[in-house]
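> What shape does this take:
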Amino acid sequence: MSPEAPSTPRSLAEALRARDDASLAALLRGRPDLITPVPSDLTQLATRAGTRASVLRALERLDRFALQTAQALAVAPDPAPYDTLLGLLAGDAGDEAVAAALPRTVASLREQALVWGDDDRLRLVRTARELLAPSPQHPSPTGLGPTVREATSGMSPGRMQEIVATAGLRSTHDSVSAVTALTALFTERDKMAKLLDGAPEAAREVLSRLVWGPPYGQVTADPAAHLRWLLDRGLLLPTAPGTVVLPREVALHLRGGRAHRAPEPLPPAVEPAATHSPAVVDATAAGQAFTALSTVEELLKSWDQGGPAVLRAGGLSQRDLKRTAVALDLSEPVAAFWIELAYAAGLLASDGEADERYAPTPAYDTWRELPPAERWAHLAGTWLTATRTAGLIGGRDAKDRMLSALGPGLDRSAAPEVRHRVLTLLAGLPEGGAPSAEAVLARLSWERPLRGPQRASTEDLRTRLARWTLTESEALGVTGRGALSGQGRALLGQVGNAEGTRSDALGSADAPGPGSDPLSPTEQAAATSAAARLLAPLLPEPLDHVLLQADLTAVAPGPLRRPLADVLGVLADVESKGGATVYRFTPGSVRRALDAGQTAADLHVFLAEHSRTPVPQPLAYLIDDVARRHGHLRVGAASSYVRCDDDAVLNEILADKRAAALRLRRLAPTVLAAPCDPATLLEGLRGMGYAPAAESAEGDVLIARADAHRTPPRTAPDPVPDGPPPPDATLLTAAIRAIRAGDLAATAPRKSTGTELAGGELPRTGPADTLATLQAAVLTGDAVWIGYVNAEGAASQRVVAPIRVEGGFVTAYDHTADEVRTYPLHRITGVAELAED
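Just a heads-up that it's a prediction; the model follows:
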């Protein structure tokens, strides 16, 4: 309790009332669900802080030692002195680390309104006690069972006296005294040790098996002699037919006073498992960043003309995911990650048409024109804050439905926090230091332990998110060789000189809590820009040339500038990728360039301008040969037709057995007709080795432009927050002022009028009495208490100092709102004078 408090608080509301504004702000910042909506007074704030949902959320955000402290309080007397709590955590032998960490932990639990009271009367919030206290249905993580008083609540007085006598105690007159005497015996170390010295060896073996939990065991109707020895002395107590339990006091004696087998007051250290040169780390990460950009571009380019269809339930089919993974030469989980990242970045969406398909968005074209470092920064910033989790793809949801890429059910609100925390831990190491994954996972497990039981064969969500973060950050170029890169530090907002960055990072990583909060949107935008500036010098400069070779290939020794890459991507097929990209020219790729509107002369000029080597003769011949045959055949809609000035070519087509499926028939010496559509006819003739060109209804050649299909403008999916967002300083100030004012109105002492409602909630006075009391308050300058119902019918109580009463309205300074307001008299339910004190 604050030193200003006049007396020991009798409730959580009184404890909150004794806090200063800074302490209340810390509570509302740590538990933002308490401020939505703003409580009317401190009593309502205390009630809300004790609700099951709010307490569960608060418990889930405790670190392991704070949770162990709360669990120890749940098995301690209520209230419990600080020394009792220390004994439960440190044991009879004491523990310096526990003794040093406990004051800070108790202060943190008080700040979170999970514990209240002075050090001599510490109380756990009732709901938290109910959640953490041991019961047969919900065993405690401490492994302790019920107390002697709880275990013997249904035992007959005669049996109770038998146990007391066998244990060597004097008989008592009632069961309450007997329970008190037995409890005192079990809690006195010397007497208890003397009692256990006479226990049979088999009995001590039974106690050793139950001491750390679970404390329950099974016995027969005729127990063995060593079990009968324990039962007769109350060292085991029956709870149900055939079931016995080890009393809590006995277990604590056997444990040396400790509630937990291994208290963990300090977080596991995160140390470098390997150390690399910072320059090597940055260069490796930059290479991964470049590969990430190439992969995303290749993905979206492959879907330029309309990507896979959207499943009826939403998302990408498993077959299309496999096809995309093969096209990108990646595994399916990695391909799913890049697909989800492009979607989260707003570069990919469904087109919304009747035959709905995925396609790039207009934002993709804007993104492509950005410098490479800025394109990477956009992807990395999106990944850091996105809640969509690609690692879940292929798993099952709660209804046993498969989770598909781009489908529903992939949002996990904890993902941004886990990613930020993992990178913060990496930033806490010396530059170039790479920790082991096990060390990072152990630290995260300490910071957010699971309250319930967990199967050894499965990992909790936070552990899986952390593993995915380590893998994804490496693929994205945020880390290199397991260490955080310079651009990765900037992405976290940790920029500046190296020593200052290292010091700040170490402070945040070694803190007992979950680390610094994620950046605000404005701060994250600045951090993303700083990351782009650091990455830019590390990325290779785009080239404006290729090396043409005689085997109909072109070698790009590095990344190509945008216009060159676009044209070459149409004119040739990518044969291999790596440090250098190899393109191969084929009749099909050259025809593709001609279909896009290029002429043979254009292609010759383009290659001569952008090749550091002379244009090989075989390539020139290939272009001229394909161009000479291109457009020789014309396909239109009849359903479709083929026309050619050379009827010998048409005769050759009709004679070809491969044309049977097209069902061609001659309409004229130079015209063939087919029942299929023009696109099918074009594809069939090209498969037969011809180079037909599509033509319009006017007979002009149709030019098929690349990059034609785009979705309508789409916004990137919004992250799904984990509960209400943390309040900013302005909201906190206003909320605390409103809560204080409302509490003043609710607790202000009032004169008794005999007209209050039951419970004194709102005064009820007649219109004449209301008017007279308000007019008198104007003359005396006194504040009064009013009941008021607004236009929506919501009732409230307020403390006001009337300034003027006229025209059916009262103008007054409202202490509750801390401003001057005007109230209609007909909406005031009643008025009461405040007591003089």
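> the longest helix in the protein is where?
In the chain, with assignment by DSSP state H, the single longest helix is helix 278-302.
> how far is that helix from where the chain is centred?
25 Å (C-alpha atoms, centre = their mean, to the nearest Å).
> Mind listing what's buried along it?
Within helix 278-302, the residues that count as buried by 16 or more other C-beta atoms under 10 Å are 278, 281-282, 284-290, 292-293, 295-301. In this view, the C-beta of every residue, glycine as well, is placed from N, C-alpha and C.
> quick one: average pLDDT of the next helix or strand after it?
Under the assignment DSSP states H and E, the closest C-terminal helix or strand after helix 278-302 is helix 318-328. Mean pLDDT, computed over helix 318-328, is 93.
> do stretch 299-314 as well
Stretch 299-314 carries an average pLDDT of 88.
> can you list the residues that contact it?
Applying C-beta atoms under 8 Å, 6 or more residues apart in numbering, the contact partners of stretch 299-314 are 316-317, 320, 323-324, 327-328, 335, 338-339, 342, 347-348, 350-351, 355-360, 364, 401, 404, 406-408, 569, 706-709.
> Need the distance between the two termini of it.
Stretch 299-314 stretches 20 Å from its first residue to its last (C-alpha to C-alpha, to the nearest Å).
> same thing with stretch 668-681?
Taking C-alpha to C-alpha, the first and last residues of stretch 668-681 lie 18 Å apart.
> For stretch 226-244, list every residue counted as buried.
Residues of stretch 226-244 classed as buried under the neighbour-count rule (16+ other C-beta under 10 Å) are 226-227, 229-231, 233-239, 244.
> For residue 54, state which of these is nearest.
Among the buried residues of stretch 226-244, residue 239 lies closest to residue 54 (C-beta to C-beta), at 32.3 Å.
> Could you look up the SS state of that closest one?
Here residue 239 is recorded as strand under DSSP: H, G, I helix; E, B strand; the rest coil.
> Could you name the helices and strands sitting against the lengthiest strand in the chain?
Identified as the longest strand of the chain according to DSSP state E is strand 795-806. Helices and strands touching strand 795-806, by 3 or more C-beta pairs under 8 Å, 6 or more residues apart in numbering; DSSP states H and E, are helix 729-747, helix 767-780, strand 784-789, strand 809-814, strand 819-824.
> which residues sit against it?
With contact meaning C-beta under 8 Å, 6+ apart, strand 795-806 is reached by 40, 741, 744-746, 748, 761-762, 771, 774-775, 777-778, 781-790, 810-817, 820-821, 823, 825, 829, 834.
> quick one: strands adjacent to that strand?
According to DSSP bridges, strand 795-806 forms sheet pairs with strand 784-789 (antiparallel), strand 809-814 (antiparallel).
> rewinding a little: got a ChimeraX select line for the buried ones in the contacts of stretch 299-314?
Only the buried members of those enter the following ChimeraX selection, criterion being 16+ other C-beta under 10 Å:
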select :316,320,324,328,335,338,339,342,347,348,350,351,357,358,359,360,364,404,406,407,569,706,707
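> Out of the contacts of stretch 299-314, list just those in strands.
Cross-referencing the contacts of stretch 299-314 with the strands (criterion: DSSP E) gives 348, 350, 358, 359, 360 as the overlap.
> Out of the residues you listed, which two sit at the greatest distance?
Going by C-beta to C-beta, the pair spanning the ones in strands among the contacts of stretch 299-314 furthest: 350 and 360, at 11.4 Å.
> what touches both of the two?
Contacts common to residue 350 and residue 360, judged by C-beta under 8 Å, 6+ apart, are residue 711.
> if you skip the residues just before and after it, what's nearest to residue 825?
If the residues on either side of it in the chain are set aside, residue 825 comes closest to residue 808, at 5.3 Å by C-beta to C-beta, 6 or more residues apart in numbering.
> and the one you found, what does it touch?
Residues 824, 825, 826 are the ones in contact with residue 808 under the rule C-beta under 8 Å, 6+ apart.
> what angle separates the longest helix of the chain from helix 318-328?
When axes from the mean of the first three to the mean of the last three C-alpha atoms, to 10 degrees is applied, the directions of helix 278-302 and helix 318-328 differ by 120 degrees.
> Now name the helix or strand holding residue 27.
Secondary structure from DSSP H and E places residue 27 in helix 21-30.
> Show the average pLDDT along that helix.
The predicted model gives helix 21-30 an average pLDDT of 92.
> and the next helix-or-strand element following it, how far from the chain's centre?
Reading on from helix 21-30 to the C-terminus, the next helix or strand found by DSSP H and E is helix 42-49. Distance, stretch centre to chain centre, for helix 42-49: 27 Å (C-alpha atoms, centre = their mean).
> Equivalent analysis for stretch 604-620, please.
Relative to where its chain is centred, stretch 604-620 has its mean C-alpha point 53 Å off (C-alpha atoms, centre = their mean).
> hmm, who's touching that stretch?
Contacts of stretch 604-620 from elsewhere in the structure, counted by C-beta under 8 Å, 6+ apart, are 544-552, 554, 564, 567-568, 571, 585, 598, 623.
> cool, and stretch 813-829?
Counting by C-beta under 8 Å, 6+ apart, the neighbours of stretch 813-829 from elsewhere in the structure are 737-738, 741-742, 744-745, 762-765, 767, 770-771, 774, 783, 786-790, 795-796, 798-801, 803, 805, 808-812.
> Now, of the residues you listed, which are buried?
Using 16+ other C-beta under 10 Å, the buried ones in those are 738, 741-742, 744-745, 762-765, 770-771, 774, 783, 786-788, 798-800, 805, 810-812.
> pLDDT at the residue sitting nearest the centre point of the chain, what is it?
Against the mean C-alpha coordinate of the chain, by C-alpha atoms, centre = their mean, the closest residue is residue 414 at 1.6 Å. Residue-level confidence at residue 414 comes out at 90, pLDDT.
> For residue 387, see how far away it is.
Remark: distance between residue 414 and residue 387 (C-beta to C-beta, to the nearest Å) = 8 Å.
> Same question for residue 295.
Between residue 295 and residue 387 the distance, using C-beta to C-beta, works out to 22 Å.
> residue contacts, residue 79?
Counting by C-beta under 8 Å, 6+ apart, residue 79 has contacts 117, 121, 122, 123.
> For the helix or strand where residue 185 lies, buried residues please.
Secondary structure assigned from DSSP H and E places residue 185 in helix 175-187. Taking 16+ other C-beta under 10 Å as the basis for neighbour counts, the residues of helix 175-187 that come out buried are 175, 178, 179, 181, 182, 183, 185, 186.
> so who does the last one touch?
Residue 186 makes contacts with 148, 192, 234, 247, 249, 250, 253, as judged by C-beta under 8 Å, 6+ apart.
> Switch those over to TSV; also include pLDDT.
As requested, those are arranged in TSV below (pLDDT from 0 to 100):
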residue	pLDDT
148	91
192	91
234	91
247	93
249	93
250	94
253	93
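> after the lowest-mean-pLDDT helix or strand in the chain, next one along is what?
The helix or strand of the chain with the poorest confidence is helix 498-509; it has a mean of 37 (mean pLDDT, DSSP states H and E). For helix 498-509, the following helix or strand on the C-terminal side (DSSP H and E) is helix 521-535.
> Now that following helix - C-alpha only, PDB.
Extracted as PDB, the C-alpha positions of helix 521-535 are listed here (Å, rounded to 0.1, in the frame of the first residue of the first chain):
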ATOM      1  CA  PRO A 521       2.800   3.000 -36.200                       C
ATOM      2  CA  THR A 522       4.700   6.300 -36.600                       C
ATOM      3  CA  GLU A 523       7.800   5.000 -34.800                       C
ATOM      4  CA  GLN A 524       7.600   1.800 -36.900                       C
ATOM      5  CA  ALA A 525       7.500   3.800 -40.200                       C
ATOM      6  CA  ALA A 526      10.600   5.700 -39.100                       C
ATOM      7  CA  ALA A 527      12.300   2.500 -38.100                       C
ATOM      8  CA  THR A 528      11.400   0.900 -41.500                       C
ATOM      9  CA  SER A 529      12.900   3.800 -43.300                       C
ATOM     10  CA  ALA A 530      16.100   3.600 -41.300                       C
ATOM     11  CA  ALA A 531      16.400  -0.100 -42.100                       C
ATOM     12  CA  ALA A 532      16.000   0.600 -45.800                       C
ATOM     13  CA  ARG A 533      18.800   3.200 -45.600                       C
ATOM     14  CA  LEU A 534      21.200   0.700 -43.900                       C
ATOM     15  CA  LEU A 535      20.300  -2.100 -46.400                       C
END
